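Participant: got a predicted model here, sequence first, then my questions.
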Amino acid sequence: MSIEKQSLLQRLREALEQYAVISDQTWASFEEICHCRTLNKQQYLYEIGVQPRSFSFLDKGLIRAFVVDEKGSEYNKMFFDEGKFPGSMTALLNSTPSVLAFEALEESVVVEIDFSRYRALLFDNPELMRFQIAYLEKNWLLAKDLREVEIVQEDATARYLRFMQEHQSLASRLAQYHIASHLGITPTQLSRIRKSL
């Protein structure tokens, strides 16, 4: 294994261990289900309508997850920067085509993790179970609840201010129309909000 791949996988292990300790024995099994990949800007990691077989760890770059409505308008559901785990979990869990697309907004380096082999490891391994529970609680349950409250209760200006406060470093890497799409407003509305502030 190359030194570059070793250090990439080491960063993945460190990301996992922010949630649960991973023993050397578990890590040796986990490494076997990983595949490193580089994406060009605007290249898709996962496409709408295709059943995914993996989820990923983003080591370098920026990826957006978005849906497209019947009129062809895009809505940015989520952005993933370094250290995050992009993947269409609903599609993976249900073995269905993804309703989300995952596109690289910058050149990106990912580690793809084979989902079916991960699940097999997960059910045999308390360390990975602890990781899975802690990760899902923080990044899906708690974050999803907060996001749903924001959309329903906050006006566009409040949503923009919250986004800028919580994702300041990310915001500087995103085009304004991507931020507007994530906030559920038009680029013109976002421009007005920015001018008023």
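Facilitator: Looks like it arrived, so ask away.

Participant: quick one: the strands in the chain?
Facilitator: Under the criterion DSSP state E, strands of the chain are mapped to 34-39, 44-46, 54-60, 63-68, 74-80, 101-104, 108-114.

Participant: closest to residue 157 out of these?
Facilitator: Comparing these against residue 157 with CB to CB, the closest turns out to be strand 74-80 (18.4 Å). C-beta: built from backbone N, CA, C; applies to glycine.

Participant: what angle separates the closest one from strand 63-68?
Facilitator: In terms of direction (axes from the mean of the first three to the mean of the last three CA atoms, to 10 degrees), strand 74-80 departs from strand 63-68 by 160 degrees.

Participant: strand partners of strand 74-80, parallel vs antiparallel please.
Facilitator: strand 63-68 (antiparallel) (DSSP bridges).

Participant: ok, and what's touching the strand it pairs with?
Facilitator: For strand 63-68, the surrounding residues in contact (CB atoms under 8 Å, 6 or more residues apart in numbering) are 39, 45, 48, 74-80, 86, 88, 99-105, 108, 110, 178, 181.

Participant: if we go to 6 Å?
Facilitator: Contacts made with strand 63-68 from outside it, assessed by CB atoms under 6 Å, 6 or more residues apart in numbering, are listed as 74-80, 86, 99-105.

Participant: just stretch 36-50 next, same as before
Facilitator: Contact with stretch 36-50 is made by 5, 8, 52, 88, 97-98, 101-104, 106-112, as judged by CB under 6 Å, 6+ apart.

Participant: now it - C-alpha only, CSV.
Facilitator: As requested, C-alpha coordinates have been extracted for stretch 36-50 and formatted as CSV (Å, rounded to 0.1, in the frame of the first residue of the first chain):
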residue,chain,number,x,y,z
CYS,A,36,-9.8,5.3,-2.7
ARG,A,37,-11.1,7.5,-5.5
THR,A,38,-10.4,11.0,-6.9
LEU,A,39,-13.3,13.1,-8.4
ASN,A,40,-12.9,16.0,-10.8
LYS,A,41,-15.0,19.2,-10.2
GLN,A,42,-18.6,18.6,-11.3
GLN,A,43,-18.1,14.8,-11.4
TYR,A,44,-20.8,12.7,-9.6
LEU,A,45,-20.0,10.5,-6.7
TYR,A,46,-23.5,9.1,-6.8
GLU,A,47,-26.2,9.8,-9.3
ILE,A,48,-30.0,10.2,-9.1
GLY,A,49,-31.8,7.1,-10.2
VAL,A,50,-28.9,4.8,-9.7
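
Participant: in that stretch, what counts as buried?
Facilitator: 36, 39, 45-46, 48 (16 or more other CB atoms under 10 Å).

Participant: what's the longest helix in the protein?
Facilitator: Determined from DSSP state H, the single longest helix within the chain is helix 3-16.

Participant: so for the residue nearest the centre of the chain, what's the nearest residue that isn't a sequence neighbour?
Facilitator: Closest residue to the average C-alpha location of the chain: residue 86 at 3.0 Å, with CA atoms, centre = their mean. If the residues on either side of it in the chain are set aside, residue 86 comes closest to residue 80, at 4.3 Å by CB to CB, 6 or more residues apart in numbering.
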